[in-house]
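**Q** sequence plus the predicted model coming up.
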Amino acid sequence: ALCLSNLAMGKTTTGQIVNLLSNDVNRFDQVTIFLHFLWAGPLQAIIVTILLWMEIGISCLAGMAVLIILLPLQSCIGKLFSSLRSKTAAFTDTRIRTMNEVITGIRIIKMYGWEKSFADLITSLRRKEISKILRSSYLRGMNLASFFVASKIIVFVTFTTYVTLGNVITASRVFVAVTLYGAVRLTVTLFFPSAVEKVSEAVVSIRRIKNFLLLDEITQCNPQLPSDGKMIVDVQDFTASWDKASETPTLQGLSFTVRPGELLAVVGPVGAGKSSLLSAVLGELPPSQGLVSVHGRIAYVSQQPWVFSGTLRSNILFGKKYEKERYEKVIKACALKKTFPLLDEISQCNPQLPSDGKTIVDVQDFTAFWDEESFQRTLRSNILFGKKYEKERYEKVIKACALKK
């Protein structure tokens with residue numbers, strides 16, 4: 001998933017990947033147990049038929065005919081298993097994707113009181129999923145029923161035919177026939193149907209995993225233009241598109257260079273292609289024409305800061321060895337000396353650290369975080385939020401928010 005392109009990421013979700021790892025991969029464990037019964041079952045049936053022919057003659061064909069009738073029936077059931085597995089997996093993916101979206105936006109959902117609507121939506125998706133699982137259970141029950149019923153029917157049909165042909169039943173012949181049918185019963189009426197079921201489900205899982213593995217990945221082939229040390233980024237006649245089927249490219253005919261010491265700002269309206277240009281420099285947007293050459297290392301600072309729960313030092317070091325001199329340089333570069341007394345512990349759940357106004361600074365692979373301005377605001381300034389102070393209205397707000405105490 002880490003190698004998928006942005007276009008491919010839009011075609012899959014985290015829930016679908018989890019479903020592939022938890023459900024579809026598990027089918028391979030199950031199919032290996034029963035796979036060999038696909039050939040062992042028919043082979044064992046042929047050998048038993050020969051032995052029965054030697055014992056009771058042509059009458060054995062009547063009993064084996066019942067087994068032969070069961071084989072195409074199992075084939076049809078296997079196709080139904082495959083179809084139901086595909087539909088169940090699709091409903092499971094949809095349900096997990098919806099659950100992820102609900103959990104992500106649970107704050108807004110609770111704010112607007114949409115809990116019941118989304119609960120009904122998830123319940124309806126779960127009902128559709130369970131309906132397919134229930135049908136699979138019915139088919140599985142039919143397979144198990146054939147295991148208990150088939151042996152009795154086979155013995156009955158065999159000896160009815162044997163007597164009809166004018167033969168006399170003896171205890172020795174009955175004992176031998178029942179023993180041979182018992183030997184083949186477990187394989188043909190239980191393990192063989194289970195093998196058909198598991199193989200059908202495994203084929204569907206293979207198809208789903210193959211579709212995921214064939215999604216577009218980020219192309220790593222990025223030919224480097226000769227560098228004379230005077231250019232860090234060199235873009236020549238660059239044209240690219242996120243959607244290969246689109247007639248209008250996302251970026252077209254771009255050419256620019258960035259030299260050491262230069263600061264290049266990309267400015268434009270929404271949808272102009274600023275993020276796409278940065279993705280092209282990072283190598284996430286493959287070119288359909290032109291070249292992008294980057295000499296040196298790339299530092300990427302995301303729009304949303306990522307800070308883990310821990311001390312300020314652990315966030316700056318990020319698991320690396322502590323070097324006092326280099327650490328002091330980072331502190332000075334990030335202007336964090338005055339912030340140290342205010343921040344002992346960084347945590348996303350800390351009420352002193354609001355989610356807005358976060359700042360990320362990246363200096364030589366180090367990451368630092370602070371929001372000094374939020375600590376300097378008074379309660380009044382947070383309530384007024386830049387508006388003019390009106391005593392009467394201010395008192396009403398204090399009373400309404402129960403802030404007097």
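**A** Structure received.
**Q** okay, now the unreliable bits of the stretch 201-350 of the chain?
**A** By pLDDT under 70, the weakly predicted segments of the stretch 201-350 of the chain are 218-230, 302-306, 309-310, 339-350.
**Q** which residue ranges of it form helices?
**A** 274-282, 312-317, 324-333 (DSSP state H, counting those that start in this stretch).
**Q** check the stretch 51-200 of the chain too.
**A** Under DSSP H, counting those that start in this stretch, the stretch 51-200 of the chain gives helices at 60-104, 106-111, 115-164, 171-186, 192-213.
**Q** what does stretch 157-177 rub up against?
**A** Residues outside stretch 157-177 that contact it (CB atoms under 8 Å, 6 or more residues apart in numbering): 52, 55-60, 62-63, 65-66, 155, 181. Just so you know, the C-beta spots here come from the backbone N, C-alpha and C atoms, and that holds for glycine as well.
**Q** make that stretch 8-26, sorry
**A** Residues contacting stretch 8-26 (CB under 8 Å, 6+ apart): 1, 4, 89, 92-93, 96-97, 99-100, 205, 208-209, 212, 215-217.
**Q** burial measure for Leu285, as a count.
**A** Counted with other CB atoms under 10 Å, the neighbours of Leu285 add up to 26.
**Q** what's it in contact with, if anything?
**A** Leu285 sits in contact with Asn6, Ala240, Trp242, Thr250, Leu251, Ser276, Ser279, where contact means CB under 8 Å, 6+ apart.
**Q** which one is it nearest to, not counting chain neighbours?
**A** Residue nearest to Leu285 in three dimensions, not counting chain neighbours: Ser279, with 4.3 Å by CB to CB, 6 or more residues apart in numbering.
**Q** just Ile153 next, same as before
**A** Closest to Ile153 by CB to CB, 6+ apart is Val66, at 5.8 Å.
**Q** I figured the one you found hits Ile154, correct?
**A** Yes - with contact defined as CB atoms under 8 Å, Val66 reaches Ile154; the gap is 5.0 Å.
**Q** who has more neighbours, these two?
**A** Ile154 (26 against 17).
**Q** report how many residues lie close to the residue nearest to Phe191 when sequence neighbours are not counted.
**A** With CB to CB, 6+ apart as the criterion, Phe191 has its nearest non-adjacent residue at 4.1 Å, and that residue is Phe37. Residues near Phe37, counting by other CB under 10 Å, number 22.
**Q** before we move on, back to that, make a markdown table out of the helices of the stretch 201-350 of the chain and add mean neighbour count and distance to Gly296.
**A** As requested, these are arranged in a markdown table below (neighbours: other CB atoms under 10 Å; distance: least, CB to CB, whole Å):
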| stretch | mean neighbour count | distance to Gly296 |
| --- | --- | --- |
| helix 274-282 | 17 | 12 |
| helix 312-317 | 17 | 23 |
| helix 324-333 | 13 | 19 |
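**Q** could I get those in TSV, plus columns for distance to Ile108?
**A** Putting the helices of the stretch 201-350 of the chain into TSV (distance: least, CB to CB, whole Å) gives the following:
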stretch	distance to Ile108
helix 274-282	24
helix 312-317	29
helix 324-333	37
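**Q** tell me which two of the contacts of Leu285 sit farthest apart.
**A** Spanning the widest gap among those are Asn6 and Leu251, at 13.6 Å by CB to CB.
**Q** same drill for these two, tell me which one is more crowded.
**A** Leu251 (22 against 14).
**Q** correct me, but the more buried one touches Ala240?
**A** Yes - contact status for Leu251 versus Ala240: in contact at 5.1 Å, counting by CB under 8 Å.
**Q** shared neighbours of those two, which are they?
**A** What both Leu251 and Ala240 touch, as defined by CB under 8 Å, 6+ apart, is the set Ser276, Ala280, Leu285.
**Q** closest one to Lys388 among the helices of the stretch 51-200 of the chain?
**A** helix 106-111 (28.8 Å).
**Q** contacting residues around the closest one?
**A** Contacts of helix 106-111 (CB under 8 Å, 6+ apart): Val102, Trp114, Glu115, Phe118.
**Q** okay, those residues in JSON lines with distance to Phe28, neighbour count and pLDDT next?
**A** Output for the contacts of helix 106-111, formatted as JSON lines (distance: CB to CB, whole Å; neighbours: other CB atoms under 10 Å; pLDDT from 0 to 100):
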{"residue": "Val102", "distance to Phe28": "31", "neighbour count": "16", "pLDDT": "89"}
{"residue": "Trp114", "distance to Phe28": "40", "neighbour count": "15", "pLDDT": "88"}
{"residue": "Glu115", "distance to Phe28": "39", "neighbour count": "12", "pLDDT": "88"}
{"residue": "Phe118", "distance to Phe28": "35", "neighbour count": "16", "pLDDT": "90"}
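**Q** closest one of those residues to Arg297?
**A** Val102 (39.5 Å).
**Q** leaving aside the residues adjacent along the chain, what's closest to the closest one?
**A** Nearest one to Val102, counting by CB to CB, 6+ apart, is Phe118 at 5.3 Å.
**Q** quick check: that neighbour vs Ala62, distance?
**A** 60 Å (CB to CB, to the nearest Å).
**Q** and the residue nearest to Ser82 when sequence neighbours are not counted, what is it in contact with?
**A** Leaving aside its sequence neighbours, Ser82 sits nearest to Ser200 (CB to CB, 6+ apart; 3.9 Å). Each residue near Ser200 by CB under 8 Å, 6+ apart is listed here: Gly78, Lys79, Phe81, Ser82, Arg85.
**Q** ditto for Ile56
**A** Thr158, Tyr162, Asn167, Arg173, Ala177.
**Q** figure out the length between the terminal residues of stretch 184-193.
**A** 13 Å (CA to CA, to the nearest Å).
**Q** again but with stretch 233-250, I slipped
**A** 20 Å.
**Q** what's the offset of that stretch from the middle of its chain?
**A** Relative to the centre of its chain, stretch 233-250 is centred 29 Å away, using CA atoms, centre = their mean, to the nearest Å.
**Q** again, but for stretch 59-76
**A** The answer for stretch 59-76 is 42 Å, by CA atoms, centre = their mean.
**Q** which parts of that stretch are buried?
**A** Neighbour-count burial for stretch 59-76, counted by 16 or more other CB atoms under 10 Å, picks out Ser59, Cys60, Ala62, Gly63, Met64, Val66, Leu67, Leu70, Gln74.
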